[in-house]
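Engineer: only geometry, no sequence info:
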């Protein structure tokens, strides 16, 4: 595809560190702790900052913060090492080691306040604990404005009709000129248009100055590409925002026409601003730090085109020393997503195989064959279920995506009814070929585009993936057979072969970079704001971690397709 790469979610995060119950290494006083922070870069930990040293304190609250760039689509491994500083030496090896903890930045921001025991090697360092609190750094709250314009009694410009009016909005560029910031749609054959509402960021509208002047020009569109000037109006951004309280109006003035007609000229119509609604725009991190969970589900293709798993040429061949493309893709994406799910329990599904005991084709079966509870413990649990299932089923076909998409969409739909930013769903589909139920899949995606849900498709092997690229709405908006367009782009497709000779992190960056925007867009459109996390309760939960039980209400709606004859397993 020729579409530009997605903009990644990169923010700056400020980390605040405190400790309790540190080991006392000094004979005549208490320890003088300092925390050094390291980031794993190219296979080794590199120091990125240190806190100040605090004298005689086993329960320090460090005031110096650590700032780090955050990227959702990467696994950013950090190490926090605490030392007792008894000299002016800068080498950490010169000081007494009090313990450390390794954690990903994703785990920290998803908890907002992360608490863990300090360890020396694998042994807990006495009663020592470290608390790491995360805050997103920014330039203050981001806002956007939704504007609703209409007009009345515009000048008639067409011989055989009325006018085909549209608006252009300009603001000062700061050096004496004007920059176009928005152009409305054309409304045909009317002198009283009512344009669609549109949204502009506050920065785009004002350039940072609410008293800057806006120029709004009204034109009559012509099919030959030219436009006839109707008139214009001027107003400050501040005055436009007054429309939040009451409807505003301005004369649409054509100054050349006014010069010709003099006092007889009143205006060339009236432009109305019916409403101006200011919206706060929340960042991805604000939703995550508020407690929004990323619910990760994987669906694996078990169709016959993958080849017999017993042969080395099969895409499903299991080699303990060389993970296949399915396992590599799962690890790349799953290791990122797992940091944003508190219980680390993930549904894992298969499709396109004949399954026991009746050997009917199923397009939606749990890899662990527990029809009421398809959850696996962590990414390692999904891998184990995959390895176990590959020899329990018969690879068959066809390649149907819609059942697994609708499977996850059912849970996303239940979540949408709550009207709160508590859960967002990510479905990873790993497949080796073209889709058989292409039209059904498009319908399922269009319906899912209204839900808190994203879909990632990774194509393994050397097949052609033309249909997959059509599902990815970067270039052309996806429309189903009933003419319904996607409410938003929720699908990201990449072929694994494009990343085969790269660092595996490159694959996760490519497929996950759009998820933060998709999440914030879904909640923003529905006016849903981040949750307010109870930090005291959060700290208590972190100090006494316990894994929540899997919901007993999980019901697996398996769809089966009967075949002409039963078949034994391979």
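Structural biologist: Arrived safely, thanks for sending. Note that the structure is predicted; figures quoted are calculated from it, not measured.

Engineer: what about the longest helix in this protein?
Structural biologist: Scanning the chain for the helix with the most residues, using DSSP state H, yields helix 402-416.

Engineer: can you list the residues that contact the next helix or strand after it?
Structural biologist: Sequence-wise, the next helix or strand downstream of helix 402-416 (DSSP states H and E) is strand 423-431. Residues outside strand 423-431 that contact it (C-beta atoms under 8 Å, 6 or more residues apart in numbering) are 287, 292-301, 326, 329-330, 333-334, 337, 399, 401, 404-405, 408, 411-412, 415, 451-460, 468, 515, 519, 522. Any C-beta I mention is one placed from the backbone N, CA and C, and that applies to glycine too.

Engineer: Mind telling me what element residue 132 is part of?
Structural biologist: strand 123-137.

Engineer: hmm, back to that, can you name every helix or strand that the longest helix of the chain contacts?
Structural biologist: Judged by 3 or more C-beta pairs under 8 Å, 6 or more residues apart in numbering; DSSP states H and E, helix 402-416 is in contact with strand 293-301, strand 345-351, strand 423-431, helix 438-448, strand 453-459.

Engineer: Name the stretch among these that sits most buried.
Structural biologist: Among those, strand 453-459 has the highest mean neighbour count (mean count of other C-beta atoms under 10 Å), at a mean of 26.

Engineer: which secondary structure elements does that one contact?
Structural biologist: Applying 3+ C-beta pairs under 8 Å, 6+ apart, one finds that strand 453-459 makes contact with helix 325-337, helix 402-416, strand 423-431, helix 466-471, strand 491-495, helix 504-512, helix 515-525.

Engineer: So which of the ones you listed is nearest residue 357?
Structural biologist: Ranking the helices and strands packed on strand 453-459 by proximity to residue 357 (C-beta to C-beta) places helix 402-416 first, at 20.0 Å.

Engineer: ok, and for the closest one, which residues are buried?
Structural biologist: The neighbour-count check on helix 402-416 (16 or more other C-beta atoms under 10 Å) flags 402-409, 411-413, 415-416 as buried.

Engineer: measure the nearest residue to residue 484 once chain neighbours are set aside to residue 440 for me?
Structural biologist: Excluding the flanking residues, the one nearest residue 484 by C-beta to C-beta, 6 or more residues apart in numbering is residue 446, at 5.0 Å. Taking C-beta to C-beta, to the nearest Å as the measure, residue 446 and residue 440 are separated by 11 Å.

Engineer: Ok, residue 203 next?
Structural biologist: Noted for residue 203: a distance of 42 Å to residue 440, by C-beta to C-beta.

Engineer: Residue 389 now?
Structural biologist: 24 Å.

Engineer: In contact with residue 248, which residues?
Structural biologist: 235, 239, 240, 242, 272, 273.

Engineer: where's the dip in pLDDT among these?
Structural biologist: When the contacts of residue 248 are compared by pLDDT, residue 242 scores lowest at 81.

Engineer: Double-check that that one belongs to a helix.
Structural biologist: Yes - residue state for residue 242 (DSSP: H, G, I helix; E, B strand; the rest coil) corresponds to a helix.

Engineer: nearest residue to it other than its sequence neighbours?
Structural biologist: Nearest non-adjacent residue to residue 242, counting by C-beta to C-beta, 6+ apart: residue 248, 6.3 Å away.
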